[in-house]
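**Q** Curious how this folds, go ahead:
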Amino acid sequence: MQLPAACAPPPLLHSPSVADAAAVAVESIAMMPYATSSPTTTPTPAPNAAKPYSWLPDGSYLTTVADQIVDQNNNAVTMHGIAWYGFGNPGTDMVEGLQAAGDSQVEDFATVVFRMKALGFNTIKLPFSFDTLNAGSIRPFNDGCNLASVDTLRSGLTEGGKVVASNAVFPTNPSPAYSGMSCNQYLPSDTMDRFLWVINYFATNGFYVVPDWHPGNPSSNREIFDQTSWQNNYVSLFGKLISTYPSVVGKLVFDIANELDGFGIRWEATSGKPGLQDIYLNLLPRLFAISKGVPFMIQGAGQANLVNWGDGFVTDPATIQQNGLSNPNPFFTALMATSYVNQVVLGPHVYGPSVTMVTSRISGAGLWNRMTVSFGSKTVTGYCSGGNSLWSLVNLVAYMHNQGAAAGGHTNINSWIFWAWNPSSSDTGGLVASNWLNIQWNKVDKLVGSNPSAPDGMNLKPWFYGP
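**A** Model (predicted):
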């Protein structure tokens, strides 16, 4: 496709992550359409249409078309996700929370996955680091515990006071089944093998899986500064996953690196640190060569005096100059000329004030304009060269759904990932209480949005609402 000099075909947009100590963290997913001199949105193809791009593999895949992530049948994909960290923490070597509680609802990995599924989540984000995965740790997790009955599970996964819909069916966790085993007896003992197995287990149970390079010890983890080793480790991990579990393609999206502002990394190389544009442009073609059916999320950097860590996609030259921002335009210019541009997803984060400690542009028009300048406008035009925790969430939802004064300047953003399942997250808390058992229903309600107590939610649908 020949494009005018002013504009180029954009990648998919993975929008904000919202974090607030008393509330939630949400990552949402939307897409940027092709852009021309007069930007128009490319229509989403009908289901079962031909491949949108000739280079896509046969069988399952995910790619981007217009403002949608689509699967191999060209069906639009909506992701309602949650993060569960632990593989980025040396010494944990697994998702957190599987402590010896004697209760499979907390201790047994497969049971926790089932609980997430029953709450309506269909996407999991799995932070990892290479120092954890490559440590060669051999650690069994099997332990005797009491397997929760179906009645016990149903009770813990039904919000008090809610009427169970007449057509609601309590879900099952059909593949694989581990009845008769002790808790976690089925888990591989090697950390790397266990991480790949966990990815496949989620995918087998219908989840979209988003592995995310995200060390739990960023102040001491320096592996990203050795780019030769870091990129080789990435290629090795990705290649081993695809070769060991090829069926994960179609359920897999890789989030390349989390919030590199925390490492002092900017779009351009500076002070002996690698440039973000070079990190992406060197790594992505190597991953794309291994599998052309896996999208790659990228986050921005170097614009923290205007937007949050993990955002950083402001490309307007005047705004960049006025605010002294790192400039992503050279990256985008190079990206648009690549063969893998339609496999790239932008992943900006948006946090509430109890995390950022800022007091401006945190709600209403200030927040909405900030998000539009950085990433929202790219859902319409593509890339062209040229406080209160609940209040923060309500404002974000209004923006994502184009409601009221937040409408305009972007398309609806319907997919998201919530940070986090883990109650140990110091900034946000978790979806479960400190005992890892009790569901924080006030947070679930704010994600549901289909009941009178949460009209401004994000369309999560726990099992008891019915199909």
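
**Q** Please count neighbours and contacts with C-alpha atoms only from this point.
**A** OK.

**Q** Going by residue numbers, what spans are strands in this protein?
**A** 7-8, 12-13, 26-31, 62-65, 68-71, 76-77, 80-83, 123-128, 208-213, 254-255, 296-298, 344-346, 383-384, 415-418 (DSSP state E).

**Q** Now render the ones you listed as CSV, adding distance to residue 270 and mean neighbour count.
**A** Shown next, in CSV, are the strands of the chain (distance: least, Cα to Cα, whole Å; neighbours: other Cα atoms under 10 Å):
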stretch, distance to residue 270, mean neighbour count
strand 7-8, 27, 23
strand 12-13, 26, 32
strand 26-31, 28, 28
strand 62-65, 32, 28
strand 68-71, 34, 24
strand 76-77, 38, 18
strand 80-83, 31, 26
strand 123-128, 26, 26
strand 208-213, 21, 24
strand 254-255, 23, 23
strand 296-298, 20, 25
strand 344-346, 23, 27
strand 383-384, 25, 24
strand 415-418, 31, 25
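
**Q** Redo the ones you listed as a markdown table? Include distance to residue 335 and mean pLDDT.
**A** Rendered in a markdown table, the data for these read as follows (distance: least, Cα to Cα, whole Å; pLDDT from 0 to 100):
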| stretch | distance to residue 335 | mean pLDDT |
| --- | --- | --- |
| strand 7-8 | 9 | 44 |
| strand 12-13 | 12 | 44 |
| strand 26-31 | 16 | 47 |
| strand 62-65 | 15 | 94 |
| strand 68-71 | 18 | 90 |
| strand 76-77 | 24 | 92 |
| strand 80-83 | 27 | 94 |
| strand 123-128 | 25 | 97 |
| strand 208-213 | 21 | 97 |
| strand 254-255 | 17 | 96 |
| strand 296-298 | 12 | 93 |
| strand 344-346 | 9 | 88 |
| strand 383-384 | 10 | 69 |
| strand 415-418 | 24 | 84 |
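
**Q** what distance separates stretch 420-429 from the centre of its chain?
**A** Mean C-alpha position of stretch 420-429 versus that of the full chain (Cα atoms, centre = their mean, to the nearest Å) differs by 16 Å.

**Q** where does this protein have low pLDDT?
**A** 1-49, 100, 173-180, 352-359, 362, 380-381, 384-394, 450-456 (pLDDT under 70).

**Q** In it, which helix is the longest?
**A** Across the chain, the longest stretch assigned as helix under DSSP state H is helix 227-244.

**Q** okay if I get the strands of the chain as CSV plus distance to residue 400?
**A** As requested, the strands of the chain are arranged in CSV below (distance: least, Cα to Cα, whole Å):
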stretch, distance to residue 400
strand 7-8, 24
strand 12-13, 12
strand 26-31, 8
strand 62-65, 19
strand 68-71, 14
strand 76-77, 16
strand 80-83, 13
strand 123-128, 18
strand 208-213, 21
strand 254-255, 21
strand 296-298, 18
strand 344-346, 15
strand 383-384, 19
strand 415-418, 9
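
**Q** who wins for proximity to residue 375 among those strands?
**A** Within these, the stretch nearest residue 375 is strand 12-13; the backing value is 7.4 Å (Cα to Cα).

**Q** Alpha carbons only: can I get the longest helix of the chain in PDB?
**A** Output of helix 227-244 as PDB, limited to C-alpha atoms (Å, rounded to 0.1, in the frame of the first residue of the first chain):
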ATOM      1  CA  GLN A 227      21.100  -5.700  25.400                       C
ATOM      2  CA  THR A 228      22.900  -8.500  23.600                       C
ATOM      3  CA  SER A 229      22.200 -10.900  26.500                       C
ATOM      4  CA  TRP A 230      18.600  -9.600  27.100                       C
ATOM      5  CA  GLN A 231      17.600  -9.800  23.500                       C
ATOM      6  CA  ASN A 232      19.100 -13.300  23.100                       C
ATOM      7  CA  ASN A 233      17.300 -14.400  26.200                       C
ATOM      8  CA  TYR A 234      14.000 -13.000  24.800                       C
ATOM      9  CA  VAL A 235      14.500 -14.800  21.500                       C
ATOM     10  CA  SER A 236      15.300 -18.000  23.300                       C
ATOM     11  CA  LEU A 237      12.300 -17.800  25.600                       C
ATOM     12  CA  PHE A 238       9.900 -17.000  22.700                       C
ATOM     13  CA  GLY A 239      11.300 -19.700  20.500                       C
ATOM     14  CA  LYS A 240      11.100 -22.300  23.200                       C
ATOM     15  CA  LEU A 241       7.500 -21.400  24.000                       C
ATOM     16  CA  ILE A 242       6.400 -21.600  20.400                       C
ATOM     17  CA  SER A 243       8.200 -24.800  19.700                       C
ATOM     18  CA  THR A 244       7.100 -26.500  22.900                       C
END
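
**Q** Buried residues of it, list them for me.
**A** For helix 227-244, the buried set under the neighbour-count rule, 16 or more other Cα atoms under 10 Å, comprises 227, 230-231, 233-235, 237-242.

**Q** who are the neighbours of it, in terms of helices and strands?
**A** Packed against helix 227-244 by the contact rule (3 or more Cα pairs under 8 Å, 6 or more residues apart in numbering; DSSP states H and E) you find helix 276-290.

**Q** Give me the contact list for the helix it packs on.
**A** Identification of contacts with helix 276-290 by Cα atoms under 8 Å, 6 or more residues apart in numbering yields 227, 231, 235, 238-239, 242, 265-269, 294, 296, 298, 300-301, 328, 330-331, 334-335, 340.

**Q** one more time with 6 Å
**A** By Cα atoms under 6 Å, 6 or more residues apart in numbering, the residues outside helix 276-290 that reach it are 266-267, 331.

**Q** That helix vs helix 227-244, what angle?
**A** Regarding helix 276-290 and helix 227-244, their directions subtend 30 degrees when assessed with axes from the mean of the first three to the mean of the last three Cα atoms, to 10 degrees.

**Q** thinking again about what came up before, the strands of the chain: which one's closest to residue 368?
**A** Closest to residue 368 of the strands of the chain is strand 26-31 (Cα to Cα; 14.8 Å).

**Q** Can you give me the buried ones in stretch 338-345?
**A** Of the residues in stretch 338-345, those with enough neighbours to count as buried (16+ other Cα under 10 Å) are 340-345.

**Q** and that stretch, how far out from the chain's middle?
**A** 17 Å.

**Q** can you pull out the helices in the protein?
**A** If you assign secondary structure with DSSP H, the helices in the chain sit at 104-107, 109-118, 130-133, 150-156, 191-204, 227-244, 276-290, 317-323, 329-335, 353-356, 364-371, 378-381, 389-400, 441-448.
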